[in-house]
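Enquirer: A structural model of the following input is requested.
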Amino acid sequence: MDGLALSHGPGICRRGRIERDEQVIAVLAPMSGSAGIWGPSCISSAQVAISEVNEGNGAAGSKLVPYFLDSDNGNVEALEREIAGLIEEDAISAVVGMSVSSVRQRLNKIVSGRIPYIYTPQYEGNEHAPNVFTIGETAADQLEPAIRHMTKHLKVRNWALIGNDYVWPRSSHAVARKRIAEAGGAVVFDGYVPFGLKNAEWLVERIAATRPDIVLVSLIGQDAVEFNRAFGAMDMDRRMFRLSTVIEENVLLATGDENTRRLFVASAYFSELKTERNEAFKERYRASHKTVPPVLNALGQSLYEGVHFYAAMKAGAAKQWRPAPVRYQSARAGTYCSNERKDVPIYLSRADGHRFSILGELA
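Expert: Numbering: from 1, shown residues only. Sure, this is the predicted structure:
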């Protein structure tokens, strides 16, 4: 795809972009650290969306040009400096980003409402910063129906909650605790670990000692891989279930099919979705690569949505940055109503080896 190579280096000549009637957007994707496992699919999905927008009318008639930046939590200080410089130079028209929420919160202070910031993945909710658009589903969207379903159908009562130590897991677990209590259950463990989990056996042992029926896993990327490998190797899947809202196809593949038994995931997107929209998206995604493409997943698809969301906003709202609802091209038929409400289906899937079997839509 011409013009869609990974960008590096300081600044962009904004004057040249204006002369060619182009809009540069900073596209944030994790390329290192615990979340780096999602980077290739995020970049590839964004490239497909940019190509589609440019083959049409562009963003309000202007061609989109991506400037890819590493959004890993360990790179956040360099990212802050880069984004601040680009905005000061009037070099970018928007930020479209996939990152953990702690990175978003820091960038909110840098962007400070001066340009649109489209944050694409699922998140904890309650984002009210100016000109920030969170288009992913919230923790409540996923956890409320999932906890009801697991309680009713699997007869689980005692829950262990484990996540990385930052805002999204802590906020998600606050939602989970309320819903578990409403369902008549109890939380017997609620713990958090820094990014970069290694030798997770000790953590699995601590959780097992509390005798839960089910573990809510809110660990990111490679940390989820390490935990689930240890969980399976220690045969804990024979004693308890696992539920997650962030484990996706890359983590499943890296975990190994012998370690994914009795693992369930609630999400608004799986690559296995048999819908006309998703089949068309997957065909374009595969066609964009000469060799085997990165594994598709919810986090990558979210950047595909984010680029199309920005183009739809530009086409429908001109300079008014609070349109609602916004309907945009996606692989899951999502509609943005506000930062707190999106019309998206939530599906429950069970891990079957290296693949997900979609059990149905949660109500």
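Enquirer: Could you use CA atoms for every contact and neighbour count after this?
Expert: Noted.
Enquirer: Tell me where the stretch 51-200 of the chain has strands.
Expert: All strands of the stretch 51-200 of the chain, identified by DSSP state E, counting those that start in this stretch, fall at 63-70, 94-97, 117-119, 132-134, 158-164, 186-193.
Enquirer: Now tabulate these in CSV and tack on mean neighbour count, distance to residue 242 and mean pLDDT.
Expert: Formatted as CSV, those follow (neighbours: other CA atoms under 10 Å; distance: least, CA to CA, whole Å; pLDDT from 0 to 100):
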stretch, mean neighbour count, distance to residue 242, mean pLDDT
strand 63-70, 22, 30, 96
strand 94-97, 26, 29, 97
strand 117-119, 26, 27, 97
strand 132-134, 25, 27, 95
strand 158-164, 23, 9, 98
strand 186-193, 17, 14, 98
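Enquirer: between the ones you listed, which gets nearest to residue 349?
Expert: strand 158-164 (19.1 Å; CA to CA).
Enquirer: possible to save the strands of the stretch 51-200 of the chain as a markdown table with distance to residue 37?
Expert: Formatted as a markdown table, the entries for these read as follows, by distance: least, CA to CA, whole Å:
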| stretch | distance to residue 37 |
| --- | --- |
| strand 63-70 | 12 |
| strand 94-97 | 16 |
| strand 117-119 | 19 |
| strand 132-134 | 22 |
| strand 158-164 | 16 |
| strand 186-193 | 19 |
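Enquirer: So for residue 33, which of those sits nearest?
Expert: Ranking those by proximity to residue 33 (CA to CA) places strand 63-70 first, at 10.1 Å.
Enquirer: related to what we said a few turns ago, among the strands of the stretch 51-200 of the chain, single out whichever gets nearest to residue 291.
Expert: Ranking the strands of the stretch 51-200 of the chain by their distance to residue 291 (criterion: CA to CA) puts strand 63-70 first, at 21.6 Å.
Enquirer: Which strands and helices lie in contact with that closest one?
Expert: Helices and strands touching strand 63-70, as assessed by 3 or more CA pairs under 8 Å, 6 or more residues apart in numbering; DSSP states H and E, comprise strand 22-29, helix 39-55.
Enquirer: pLDDT value on residue 6, please?
Expert: pLDDT recorded at residue 6 is 40.
Enquirer: Quick one: residues contacting residue 171.
Expert: Residues counted as contacts of residue 171 (CA atoms under 8 Å, 6 or more residues apart in numbering) are residue 124.
Enquirer: coming back round to it: okay, the helices and strands packed on strand 63-70 in CSV with mean neighbour count and distance to residue 226 next?
Expert: Rendered in CSV, the data for the helices and strands packed on strand 63-70 read as follows (neighbours: other CA atoms under 10 Å; distance: least, CA to CA, whole Å):
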stretch, mean neighbour count, distance to residue 226
strand 22-29, 23, 22
helix 39-55, 22, 18
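Enquirer: Just put the ones you listed in JSON lines and tack on mean pLDDT and distance to residue 180.
Expert: As requested, these are arranged in JSON lines below (pLDDT from 0 to 100; distance: least, CA to CA, whole Å):
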{"stretch": "strand 22-29", "mean pLDDT": "95", "distance to residue 180": "33"}
{"stretch": "helix 39-55", "mean pLDDT": "95", "distance to residue 180": "33"}
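Enquirer: Tell me which of the ones you listed lies nearest to residue 129.
Expert: With distances scored as CA to CA, the stretch of the helices and strands packed on strand 63-70 nearest to residue 129 is strand 22-29 (18.3 Å).
Enquirer: Partner strands of the closest one and their direction?
Expert: Counting by DSSP bridges, the strands paired with strand 22-29 are strand 63-70 (parallel), strand 94-97 (parallel).
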